[in-house]
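*Asks:* need a 3D model of the following:
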Amino acid sequence: PYTTLFRSQRTRASFERAIESFNRAILIEPQYAMAYAELSRTYSLATVFGLGTPTEMMINARNAAMRAIQIDDSDATAHTTMGFIYAHFQFDWSDAEREFLRGIALNGSDANAHLFYSNSLLSPLGRHAEAIAEMKAAMRLDPLSASVDSFLGRTLLWARRYRDAE
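*Replies:* Below you'll find the predicted structure:
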């Protein structure tokens, strides 16, 4: 909760603080799947904020997500983040889609799961109608999110729906 707030601030310092907080939670409770899952999601986005090399951050993200899944296979965030990792780090589209769909099935209320599925897999593969539908779902779930709004615009641009993107 407050650690995801750090991450949502979208700054290098807030990401560092989120990683520190999730690691502290894991030290206190080593079987806390959600802490590993949220740590994984944080690492997967960390290179955008200059926290490390993409390889280093994705390896950290993968390790944390795999640990979360070992502890609790029903953790939606861990599955969605594995989808992100398969798409961005391993370019394994079938495993990425399987993990995205598993995460969304487990928690369809996670706007970021829809955003990541749309922009990490569907749009790059040219599946624009599906990508837009996922972004609209994300927008319904989190209508005040600046990242969801901006990625909806990007998704519409990639689909060459310029008027809608405006």
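*Asks:* can you map out the helices along this protein?
*Replies:* 2-8, 12-28, 33-46, 54-71, 76-85, 93-106, 111-117, 128-141, 146-158, 162-165 (DSSP state H).
*Asks:* now mean pLDDT and mean neighbour count too, for those helices, in TSV please.
*Replies:* Backbone N, C-alpha and C define where each C-beta goes, glycine included. Formatted as TSV, those follow (pLDDT from 0 to 100; neighbours: other C-beta atoms under 10 Å):
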stretch	mean pLDDT	mean neighbour count
helix 2-8	47	16
helix 12-28	91	16
helix 33-46	94	25
helix 54-71	96	19
helix 76-85	97	28
helix 93-106	98	19
helix 111-117	96	26
helix 128-141	97	19
helix 146-158	93	17
helix 162-165	93	10
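*Asks:* give me the neighbour count for residue 145.
*Replies:* 17 (other C-beta atoms under 10 Å).
*Asks:* give me the phi and psi for it.
*Replies:* phi -80, psi 120 (degrees, to the nearest 10).
*Asks:* one more: residue 75?
*Replies:* Torsion angles, degrees, to the nearest 10, at residue 75: phi -80, psi 110.
*Asks:* now do the contacts for it.
*Replies:* By C-beta atoms under 8 Å, 6 or more residues apart in numbering, the contact set of residue 75 is 33, 34, 37, 68, 69, 106.
*Asks:* now for the nearest residue to residue 31 once chain neighbours are set aside: which residues touch it?
*Replies:* Of all residues beyond its chain neighbours, the one nearest residue 31 is residue 71 (5.5 Å), with distances taken as C-beta to C-beta, 6 or more residues apart in numbering. By C-beta under 8 Å, 6+ apart, the residues touching residue 71 are 31, 32, 33, 36.
*Asks:* residue 151 now?
*Replies:* 115, 118, 119, 135, 138.
*Asks:* likewise for residue 77?
*Replies:* 34, 37, 38, 40, 41, 68, 103, 107, 110, 113.
*Asks:* would you confirm that the second one contacts residue 78?
*Replies:* Think residue 37. Yes - using C-beta atoms under 8 Å, residue 37 is in contact with residue 78, at 4.0 Å.
*Asks:* wouldn't residue 136 be in contact with residue 149 here?
*Replies:* No - the pair residue 136 / residue 149 is not scored as a contact, 11.4 Å apart, by C-beta under 8 Å.
*Asks:* pLDDT at the residue lying closest to residue 129 once chain neighbours are set aside, what is it?
*Replies:* Distance criterion C-beta to C-beta, 6+ apart; nearest residue to residue 129, sequence neighbours excluded, is residue 159 at 7.7 Å. Per-residue pLDDT puts residue 159 at 96.
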